[in-house]
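**Student:** Here is a sequence with its predicted model. Questions after.
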Amino acid sequence: MQTIDSPKDLKKLAVGQLELLCAELRDYIIDVTSRNPGHLGSSLGAIELAVAIHYVFDTPNDKLVWDVGHQAYAHKILTDRREQFQQNRMYHGISGFPKMSESEYDAFGGGHASVSISSILGMAMAASLSENTERNHIAVIGDGSMTGGVAFEGLNHAGTANANMLVILNDNGMAIDQNVGALSSYLAKLTTSSTYNTVKGRVWDMVTGKNKKGNPIRNVIQSMQNLIKRGLLKSSNLFESLGFRYFGPINGHDVVFLVEVLSGLKQIKGPKLLHCITLKGKGLCLAEESQTLYHAPGKFDRETGKIIEAAFDPDKVEKYQKVFGETICELAAQNDKIVGVTPAMASGCSLDMMMNQFPDRAFDVGIAEQHAVTFSAGMAADGYIPFCNIYSSFLQRAYDQIIHDVALQNLHVVFCIDRAGIVGEDGATHHGMFDLAFLRCIPNMIISSPLNELDLRNLMYTATQTKAPFAIRYPRGNGVKNNWQNSPFQQYEIGKGACLQEGKEVAVVSIGHIGNNVLEVAREIKKTGTEIGVYDMRFLKPIDEDLLHQICRQYKTIVTVENGTRIGGLGSAVSEFLAKNDYKNTLKVLAVEDNFVKQGTVEELQKEQGLDCESILEKIKQNWHNI
Ligand SMILES: Cc1ncc(C[n+]2csc(CCOP(=O)(O)OP(=O)(O)O)c2C)c(N)n1
């Protein structure tokens with residue numbers, strides 16, 4: 001591995017050396033991610049695929065797109081980023097996903113699921129328009145990502161486009177949680193063939209050109225068809241009826257065999273699909289056994305694989321996700337109209353708690369955000385109260401569904417928007433930067449954000465009592481310690497904010513959990529004998545105009561603080577309010593700059609964006625010299 005800086009070096013190895021290389025890559029990925037956490041399980045499952053693809057194809061001339069890209073660590077290491085991989089997902093390190101600006105081998109950026117087929121088809125069509133008939137186009141997509149609607153849109157188009165492309169279906173039966181839906185059952189049926197293991201040598205001898213006479217390609221296809229007829233190789237009605245040549249299923253960990261197969265498929269033009277069976281977490285015992293946990297396990301013991309747990313802390317602060325999970329179960333117990341919906345993030349958002357307690361009323365719909373929203377709208381149209389929990393950045397997928405299917409019809413769907421604001425190491429594709437901005441312009445929407453765990457509970461309860469589209473956005477991770485468990489539900493008045501502290505000169509107005517930074521700053525300032533005003537808006541829409549009038553009259557300067565983009569969110573709302581009412585107060589907007597924020601720890605990125613306590617304090621000092 002140490003001698004391989006690029007696929008050129010890789011190609012110098014004999015096929016017989018590839019297994020050792022895969023073992024070394026596996027070791028290296030385990031070693032690095034044990035200290036510097038990342039997407040372990042998926043990447044361990046795709047090592048042989050990465051090696052075989054780069055061995056056979058002429059990357060970067062041939063185009064290779066990894067769907068999501070969380071499984072592409074071996075690809076990164078093989079393509080000139082072996083040492084940088086130590087800083088994977090770190091501040092100023094490399095991105096955890098493929099990224100076009102990072103490497104010429106990253107033909108397309110990753111992060112969000114299901115787009116590899118469309119993007120590779122685009123490249124294949126571009127090649128064909130440029131009369132480049134030699135270039136190969138490969139998309140690697142997991143069975144989870146294949147459940148996303150856009151993947152089907154891509155297949156539908158590709159099947160008749162006569163593009164030269166190969167879709168490699170990396171089927172491990174898992175998304176983050178168990179993969180769901182009819183496609184998943186279909187793939188499982190294709191795979192549970194008694195012939196799966198016995199057939200491969202014979203079939204692929206033919207595919208790779210051994211034992212054949214005459215026209216090699218026609219022979220390959222003829223032989224495949226004969227084997228399908230004799231029941232020795234599966235045919236796929238689904239993919240074939242969509243115009244793809246289907247090959248498989250084959251063992252995606254047999255690197256030598258993969259090389260043979262890919263070399264054969266390289267000779268066949270047109271849309272092809274190779275179905276590979278892989279094991280998520282391959283090579284690390286515990287990761288193979290607990291695939292959901294080891295999708296992204298955090299730090300673990302390099303030798304045993306055991307996850308390094310934080311020491312027991314009786315004062316442990318709970319995560320917002322746990323508050324969501326427990327609260328929805330409580331609400332569901334009280335009201336049988338409440339249902340839960342998640343697009344493939346059941347364990348991440350804690351809807352799995354409801355799935356365990358109320359299996360008939362909690363739905364994992366696959367990686368299908370658009371469907372999740374419209375499905376929720378349908379249930380709401382029939383009198384149910386769906387809590388549709390979607391990560392902020394993935395909700396971007398479902399924008400029209402929010403507008404057209406929910407808001408326009410004023411349906412009672414509760415959007416629990418998880419991972420709002422800066423999320424950390426997942427970086428630009430995963431920060432929940434835009435939801436405040438993109439939701440605020442939608443009529444009928446109620447937009448709220450809790451300052452703490454208790455608020456989240458009460459907002460969830462309030463949402464059950466309010467027949468309108470209702471968004472509640474909260475960040476990834478810990479709340480602040482307050483007594484939320486078993487507290488009686490309190491119904492909030494819609495559109496009412498709260499004064500947390502009266503002060504002079506400067507009012508800091510915030511929304512959501514970031515307000516805790518403001519409170520800390522206010523405490524610091526108090527030590528100097530001065531007090532600033534601190535206001536938690538709680539609702540961005542409708543915004544509390546009475547409170548804003550009061551603030552404008554009482555303070556000279558208003559500082560808004562929000563964990564989201566500066567264009568369109570709280571700062572914009574207050575600025576519009578000042579303009580509408582002819583207030584002349586000084587307004588300073590503290591928000592995320594109009595840039596895509598890269599990866600790093602939440603603390604590093606908050607500091608970079610001026611949202612940490614120190615930066616907020618600094619901003620206040622600049623506007624009030626008494627402090
Ligand atoms: C649009 C979107 N929704 C959700 C996710 C979160 N997510 C990341 S990986 C993943 C599972 C992907 O499953 P699969 O494609 O089968 O890959 P595997 O991890 O099993 O190798 C999910 C749901 C995402 N990246 N993009």
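**Tutor:** In hand now; what should we look at? Numbers count the residues shown, from 1 in each chain.
**Student:** Next up, phi/psi of Gly564, please.
**Tutor:** phi -180, psi 180 (degrees, to the nearest 10).
**Student:** Quick check: it vs Val373, distance?
**Tutor:** Distance, Gly564 to Val373, using CB to CB, to the nearest Å: 20 Å. To be clear about C-beta, it is placed using only N, CA and C from the backbone, and glycine gets the same treatment.
**Student:** Likewise for Val365?
**Tutor:** Counting by CB to CB, the gap from Val365 to Val373 is 10 Å.
**Student:** name the element Val339 belongs to?
**Tutor:** Assigned by DSSP states H and E, Val339 falls within strand 338-342.
**Student:** Kindly report the same for Gln370.
**Tutor:** Assigned by DSSP H and E, Gln370 falls in helix 369-381.
**Student:** what does the protein have sitting close to the ligand?
**Tutor:** When proximity is defined by CB under 6 Å from any ligand atom, the chain lies next to the ligand at 42, 45, 68, 70-71, 112-113, 142-145, 170, 172, 174-176, 280, 344, 367, 369, 394, 397.
**Student:** In strands, which of these fall?
**Tutor:** Per DSSP state E, strands hold the following members of these: 142, 170.
**Student:** Quick one: buried ones out of the residues of the chain next to the ligand?
**Tutor:** 42, 45, 68, 70-71, 112-113, 142-145, 170, 172, 174-176, 280, 344, 367, 369, 394, 397 (16 or more other CB atoms under 10 Å).
**Student:** helices and strands of the protein: which one bottoms out on pLDDT?
**Tutor:** Least confident helix or strand, the chain: helix 196-207 with a mean of 48, by mean pLDDT, DSSP states H and E.
**Student:** Smallest gap between the stretch 501-627 of the chain and the ligand, at which residue?
**Tutor:** Evaluated by CB to the nearest ligand atom, the stretch 501-627 of the chain has Gln599 as its residue closest to the ligand, separated by 14.5 Å.
**Student:** Quick check: buried residues in stretch 183-195?
**Tutor:** Residues 183-184, 187, 190-191 are the ones in stretch 183-195 that count as buried (16+ other CB under 10 Å).
**Student:** Quick check: which ranges of the stretch 151-300 of the chain have low pLDDT?
**Tutor:** Judged by pLDDT under 70, the stretch 151-300 of the chain has its weakly predicted residues at 193-234.
**Student:** Please repeat the previous calculation with a cut-off of 90.
**Tutor:** Counting by pLDDT under 90, the stretch 151-300 of the chain shows low-confidence ranges at 162, 189-237, 248.
**Student:** swap in the chain?
**Tutor:** Applying pLDDT under 90 to the chain flags the ranges 1, 162, 189-237, 248, 309-316, 481-487, 623-627.
**Student:** Show me what the lengthiest helix in it is packed up against.
**Tutor:** In the chain, with assignment by DSSP state H, the single longest helix is helix 18-35. When contacts are defined as 3 or more CB pairs under 8 Å, 6 or more residues apart in numbering; DSSP states H and E, helix 18-35 packs onto helix 40-44, helix 47-56, helix 73-78, helix 255-265.
**Student:** Could you dump these into TSV with distance to Thr3 added?
**Tutor:** TSV is the format used below for those (distance: least, CB to CB, whole Å):
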stretch	distance to Thr3
helix 40-44	21
helix 47-56	14
helix 73-78	12
helix 255-265	18
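**Student:** Would you tell me which of those gets closest to Glu524?
**Tutor:** Of all these, helix 40-44 sits nearest to Glu524, with 39.7 Å by CB to CB.
**Student:** For that closest one, buried residues please.
**Tutor:** Buried, per 16+ other CB under 10 Å, within helix 40-44: 40-44.
**Student:** for stretch 28-48, same thing?
**Tutor:** 28-30, 32-34, 36-48.
**Student:** since we're on the closest residue to Ile141 other than its chain neighbours, how many residues are nearby?
**Tutor:** In this structure, Ile141 finds its nearest non-sequential neighbour in Asp67, 3.9 Å apart by CB to CB, 6 or more residues apart in numbering. Counted with other CB atoms under 10 Å, residues neighbouring Asp67 total 32.
**Student:** dump the residue contacts of Asp67.
**Tutor:** For Asp67, the contacting residues are 110, 113-117, 139-142, 145, 151, by CB atoms under 8 Å, 6 or more residues apart in numbering.
**Student:** Of those residues, which is the nearest to Gly512?
**Tutor:** Ala113 (26.5 Å).
**Student:** For the closest one, give me its contacts.
**Tutor:** By CB under 8 Å, 6+ apart, the neighbours of Ala113 are 67-68, 142, 144-145, 148, 367.
**Student:** a markdown table for these, including distance to Leu262?
**Tutor:** Shown next, in a markdown table, are the contacts of Ala113 (distance: CB to CB, whole Å):
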| residue | distance to Leu262 |
| --- | --- |
| Asp67 | 17 |
| Val68 | 21 |
| Gly142 | 18 |
| Gly144 | 23 |
| Ser145 | 20 |
| Gly148 | 25 |
| Ile367 | 26 |
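**Student:** Follow the chain on from the strand or helix carrying Phe438 and name the next helix or strand.
**Tutor:** Taking DSSP H and E as the definition, one finds Phe438 inside helix 435-440. Downstream of helix 435-440, the first helix or strand assigned by DSSP H and E is strand 446-448.
**Student:** quick one: that following strand to chain centroid distance?
**Tutor:** 23 Å (CA atoms, centre = their mean, to the nearest Å).
**Student:** re earlier: out of Val365 and Val373, which sits in the more crowded spot?
**Tutor:** Between Val365 and Val373, Val373 has the larger neighbour count (other CB under 10 Å), namely 29 against 20.
**Student:** Now Ala74: closest residue in space that isn't a chain neighbour?
**Tutor:** Ala50 (3.8 Å).
**Student:** What about the contacts of Asp67, which are in helices?
**Tutor:** Per DSSP H, those map to helices at 116-117, 151.
**Student:** possible to save these as a markdown table with neighbour count and distance to Ala420?
**Tutor:** Shown next, in a markdown table, are the ones in helices among the contacts of Asp67 (neighbours: other CB atoms under 10 Å; distance: CB to CB, whole Å):
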| residue | neighbour count | distance to Ala420 |
| --- | --- | --- |
| Ser116 | 29 | 27 |
| Ile117 | 28 | 29 |
| Ala151 | 26 | 26 |
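**Student:** In CSV, list those residues along with distance to Lys588.
**Tutor:** Formatted as CSV, these follow (distance: CB to CB, whole Å):
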residue, distance to Lys588
Ser116, 43
Ile117, 46
Ala151, 44
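**Student:** follow-up on the earlier one: now the longest helix of the chain, how far from the chain's geometric center?
**Tutor:** 24 Å.
**Student:** for stretch 418-425, same thing?
**Tutor:** 10 Å.
**Student:** what distance separates the start and the end of it?
**Tutor:** The first residue of stretch 418-425 is 16 Å away from its last residue (CA to CA, to the nearest Å).
**Student:** Check which residues of that stretch are buried.
**Tutor:** Buried, per 16+ other CB under 10 Å, within stretch 418-425: 418-425.
**Student:** wait, which of those is closest to the ligand?
**Tutor:** Arg419 (10.0 Å).
**Student:** Could you verify my assumption that Ala151 touches Gly142?
**Tutor:** No - assessed by CB atoms under 8 Å, Ala151 is found out of contact with Gly142, at 9.9 Å.
**Student:** Residue of the stretch 151-300 of the chain closest to the ligand, please.
**Tutor:** Counting by CB to the nearest ligand atom, the stretch 151-300 of the chain gets nearest the ligand through Ala175, at 3.9 Å.
**Student:** And for Val518, the neighbour number?
**Tutor:** Based on other CB under 10 Å, the number of other residues close to Val518 is 27.
**Student:** go on, Met165?
**Tutor:** Neighbours around Met165, by other CB under 10 Å: 27.
**Student:** correct me, but it touches Ile141?
**Tutor:** No - in this structure, Met165 is not within contact of Ile141 by CB under 8 Å, at 11.7 Å.
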